[in-house]
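Participant: Model the structure of this input:
(2 chains)
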Amino acid sequence: MTKKTPERDNTAIIKAGLSKRHRKETIFRTMGLTSLVIGFCLVLFLLSDITHKAIPAFHQHWVKLDVNYDAEWLGYEAGDSSLEDLSYRTVFRKSVYQMFPEVSGRKNKRKVAGLFTTNAEFKIREQIIANPELIGTTKPLWVRIDDDVDVYLKETQNIGEPLIRIDEFEASLVKKLYDSNRIEKRFNFEFFTSGDSREPELAGVKGALMGTALTMLVTLLLSFPLGVAAAIYLEEFAPKNRWTDIIEVNINNLAAVPSIIFGLLGLAVIINIFGLPRSAPLVGGIVLSLMTLPTIIIASRASIKAVPPSIREAAFGIGASKVQTSFGHVLPMAMPGILTGTIIGLAQALGETAPLLMIGMVAFIVDVPAGVTDAATVMPVQIFLWADSPERAFLAKTSAAILVLLGFLFAMNASASYLRRRFESN
Amino acid sequence: MSSTSLIFIISFMALFSYWLAIKRSVTVAGGPKKIKQLVSLPSQYGLLTAFWCGIPAILFLAIWSSFESTVIESILVNNLPSKIQALSEQDLGLYINNIKILAETISIGQMGSIEDPAFVQSAKHLISIQSNAIWLKTALVIIIAVSSVLFLLSKISMTFHARNNIEKIVKGLLFTCSAIALLTTIGIVMSVLFESIQFFSAVPITEFLFGTQWSPQIAMRSDQVAGSGAFGAIPLFVGTLLISAIAMTLSVPIGLMIAIYLSQYASQRVRAFAKPMLEILAGVPTVVYGFFAALTVAPLIKSMGMAIGLSVAAESALAAGLVMGIMIIPFISSLSEDAITAVPTALKEGSLGMGATQSETIRKVLLPAAIPGIVGAMLLAVSRAIGETMIVVMAAGMAANLTVNPLESVTTVTVQIVTLLTGDQEFDSPKTLAAFALGLMLFVTTLALNIAALKIVRKYREQYD
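Facilitator: Numbers count the residues shown, from 1 in each chain, chains lettered A, B, ... in the order given. Okay, the predicted model is just below:
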C-alpha cells in the first residue's frame, strides 16, 4: 500500500513493510494456484472414478452350456410344423442339471440354473428354429453368465470363495465351471448392439443411442433454422423499438431459465394441449430445441455482428436488396460462428435430462425406436435409470454409458472449438 | 389423408408451381431472350409462387388440425341421444372416450360381441365424421394451394415486382421466428400460472408459502387436501437454499481464485492447459454429476463421518451441495474472469506504478472495480444452483425435513417437481398441480435473479465504455 503522508524516512517505512507485503503476495498467488490445482484434481477424480467403474462393463463372461436337444424334453414329435412353442425352458433346465449331476434339491437346482442368463432358453429356441436338425443331439452353446456371477468373477481374488451375492455353494459351482474351461471372458459388443433390459448382462445402449440420435435430429432441424432466422431478423432487420428490446431481454432471460421449467412447458402445452405422444423423441426434440434456441440465437447474433459493415455496403452498392445481402453475403461469412454456437447448444441438449423426465421419456423401453413418434429414451435418461437400479452390475453399465456420452460431448465440443479457432485465424 | 402426407403433397406442388411460374414469366416476357424486360428474374417469380402455394395451405392445415378434434367431438355430442347429453361433464367425457376406443377397434376390424346398439351406432357415426373430415381437409388444402398458385400466375406481368413481394414474405417469416422466443416465455408463464391458480384454489397460497409440513402423498385422499397442511413448501425452500449455500461456499472462493489466477498470474502455457480443463468441467452433463454425487461422494462423506463419530444420512445435503459446487466452479470462474479482464488496464497500471504489489493491486483496485460483474456472476450461479435438478434428484433425499444441518437429508423444489410429475398422474389432482406451483416459484425466483444480474452487469459495462 502506498503512504501519502510526507515523512522523511518514507523509504525506511516501506522497506520495513516490504517483506510482509511480499509474503502476502506469495500467499495470495499460492492460493490462486491451489484453487487451480484443486479444480484440476476434481476433474481428474471425476473422470478417473467413472472410468475405473466403467472398465468391467466392457467385458462379459460367457459360459459353455452343453445343450441336450432331447426331443422328449422339447415335447417335439416328428412332423410337428411349428417349432415356436416347444418347452425350451425344460431343455435348458435339464441340460444344466445334467452338467451338475451331483446337485440335488429344488433350492440348489434353482441356484444352478441361476448361474446362466435368463435368456438362455431363448438362445436355445433360436438355435432350433435356425437349425431343426439339432433335435436329438447334444451340442455346446455359449451363453452369457448371470450378472451376479459376472460381477463375482470380475471382483473376486480367489474363485471358489463366497463374495457379496455369491454364496459358498454357488462359488463352488463357478469354480467347477471355471476349472473345466467353460468360462470365457469376451469383449462386450452387445453393450452397443442391444436395447435396455431388466437383466444387467443383457442391457445395452443401442435403444438410448437411437433415441438420442432421433431427439437430436428433431432439435437440430427445429432450433438451427429458427435460431438463425431469429438472429438475422434481430441483427439485420429489426427496428430499434420497444418490441425488439423486449424480445432481446426475453432471449437473455430464457437462456438462464432452469431446464426443468421447459419440461413443465412441454408437459402442459405440447402434450396436454397439442396432444403429441408422451415419451416420443418428437416432443423431446421440441422441448430441447426451445431450450437451446436462446444459445443459438445469442451465438449467431454475435457472429453476424462481427461481419464487417463493408461487406454489406459493397452488396448494397451493386444493387442487392437487404434480404439478398443478408442471405447471400452476411450469412455465409457468419456461418462458422453460427455453427460453433449450434454445436455448443446441441451439446447442452445432448446432456440434458430433467426436461425429458417431465415429458415421460423416463419409461423402461426395450425396443429400439424407429421413428420420432415411437416411445424412446435417451442416453442421459438411460444413465439416470440405470443409476437407480439396485443390481450391482448396473453400476459398471452406468459408468460405461457415461463414458460413451462424455465421448460424444467431448467430440462435439472439440469440433466447436476447432471451428472457432479456424474462424478466428481467418 | 394424414397431415404428414398432405405436407409432402404441398411441398411437391410448391416445387411444381416454382417451375410453372418460371415458364409463365418467360412466356409473358416473350421468350428466353427477352427476360430482361421483366422487372424481376424468372426464378423470383417462381419462388414467390412457391411461397404462395405453400404458406396459406400449411397455415390452413395447422389451424384445421388444432380445431379438428374439438369440432368433431361437438358434432358427435349433438347427435347423441338427449339422455346421454344430459350427463355430467365427466361422465360425458368418459362416454365419448369409450366411443372413440370402440371406433378404433371397429376400424381395425376387431369388433367383439358387444353391446348397446346405440353405442355402436355412435361409434360408426364417429368413424364417418372422421373420414368426412379427412376428405374435407384434403380437398380444402389442395383447393387453397391450387387457387393461390393460379391467382399468382395470373398476376405475373412485365411490371409485377416479384422480388419485393418475396422480401416482404421473408421478413415476415424471420419476424415470426424471432417471436418464438417470446411465445416460449408466454407459454411457460401461462402453463405454470394456470395450473398454479387451480392449485391455489384448492390450497390457500399462504399455507403453501408459509406452511412447514410437506407431504403431498397424504393429499391423494381428496377430503384431506386443504385441512391436512400437507402442502407447506417451507421445508423445500430451506432445503434448496441449504444445498445452494453449500454449493456456493465451495465454488465462490475456488472459482474466484481461479479467475484471478488465470487472468493475472498464469502464463500462456498454464492458460492453454487450464481453460480446456474448465471446459470439461462445464461440459459434463448434470446427470453425470448426479451419479458421481450419489455413488461416490455420498458414500465417501458417510464413511468419513462414521470415522469421526458423526451420523451422516446416506443422502446428505452435503454430498449434493459439494458436487453442485464442483459443477458451478467453471461457471463462476469464466464469468468472473470476464469481469476482471473488462477493468481498464489504466487502473491496474496506475496501481502498479504507485508501487503496489500485484496482489495489492488485485485486492484493492481490480476486484472493487470488477465487483458488479462478479456479483452478477454470483447471482447467475445462485439461480443455476436453485434450478439444478439432476444432482439433487439423484443425490438428495425425498423426505421434506426442515433442517439446516448439512449432514441430514433434505429435499428441494426441483426434486419434488420431478417426484410429483414422473409416474402415473391424473392431471387435475392437487398433487400434480403442486408441481406447477413449485415450478412457478422456481421460475419467478430464477427470473428475478437473472434480471438483477443482467441489470448489474449492464450498468457496470456502461461505466467503462
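
Participant: Could you pull out the helices in the stretch 301-450 of chain B for me?
Facilitator: Assigned by DSSP state H, counting those that start in this stretch, the stretch 301-450 of chain B shows helices spanning B:317-341, B:345-353, B:358-361, B:367-387, B:390-395, B:413-421, B:430-464.

Participant: Could you check which residue of the stretch 51-200 of chain A lies nearest chain B?
Facilitator: With Cβ to the nearest Cβ, the shortest gap between the stretch 51-200 of chain A and chain B falls at A:Lys53, namely 7.8 Å. The C-beta positions use only the backbone N, C-alpha and C, and glycine is treated the same way.

Participant: For the stretch 101-250 of chain B, what lies in contact range of chain A?
Facilitator: Within reach of chain A by Cβ under 8 Å from any Cβ of the partner chain, the stretch 101-250 of chain B has these residues: B:163, B:166-167, B:170-171, B:173-175, B:177-182, B:184-185, B:187-188, B:190-192, B:194-195.

Participant: How far off centre is the top helix by length along chain B?
Facilitator: Ranked by residue count, the top helix of chain B under DSSP state H comes out as helix B:162-202. Relative to its chain's centre, helix B:162-202 lies at 13 Å (Cα atoms, centre = their mean, to the nearest Å).

Participant: follow-up on the earlier one: can I get the helices of the stretch 301-450 of chain B in TSV including distance to A:Pro140?
Facilitator: As requested, these are arranged in TSV below (distance: least, Cβ to Cβ, whole Å):
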stretch	distance to A:Pro140
helix B:317-341	48
helix B:345-353	77
helix B:358-361	73
helix B:367-387	56
helix B:390-395	43
helix B:413-421	48
helix B:430-464	55
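
Participant: Out of those, which is closest to chain A?
Facilitator: Across those, closest to chain A is helix B:367-387 (Cβ to the nearest Cβ), at 2.5 Å.

Participant: and the angle from that closest one to helix B:317-341?
Facilitator: With axes from the mean of the first three to the mean of the last three Cα atoms, to 10 degrees applied, the angle from helix B:367-387 to helix B:317-341 works out at 140 degrees.

Participant: Tell me how far B:Ser88 lies from B:Leu94.
Facilitator: Distance from B:Ser88 to B:Leu94, counting by Cβ to Cβ, to the nearest Å: 10 Å.

Participant: what about these two, which has more around it?
Facilitator: The neighbour comparison of B:Ser88 against B:Leu94 (other Cβ atoms under 10 Å in any protein chain shown) goes to B:Leu94, with 12 against 8.

Participant: shaky segments in the stretch 151-300 of chain A?
Facilitator: Within the stretch 151-300 of chain A, the set of residues satisfying pLDDT under 70 comprises A:157, A:160-162.

Participant: For it, list the residues in contact with chain B, please.
Facilitator: Going by Cβ under 8 Å from any Cβ, the residues of the stretch 151-300 of chain A near chain B are A:225-227, A:229-230, A:232-234, A:237-238, A:246-247, A:249-254, A:256-265, A:267-269, A:272, A:274-275, A:290, A:293-294, A:297.

Participant: Which secondary structure element is home to the closest residue in space to B:Trp19 that isn't next to it in sequence?
Facilitator: If the residues on either side of it in the chain are set aside, B:Trp19 comes closest to B:Gly46, at 6.9 Å by Cβ to Cβ, 6 or more residues apart in numbering or on different chains. Following DSSP states H and E, one finds B:Gly46 within helix B:42-78.

Participant: Give the buried residues for whichever helix or strand comes after that helix.
Facilitator: With elements assigned by DSSP H and E, the helix or strand that comes after helix B:42-78 is helix B:82-85. Buried residues in helix B:82-85, defined by neighbour count with 16 or more other Cβ atoms under 10 Å in any protein chain shown: B:Ile84.
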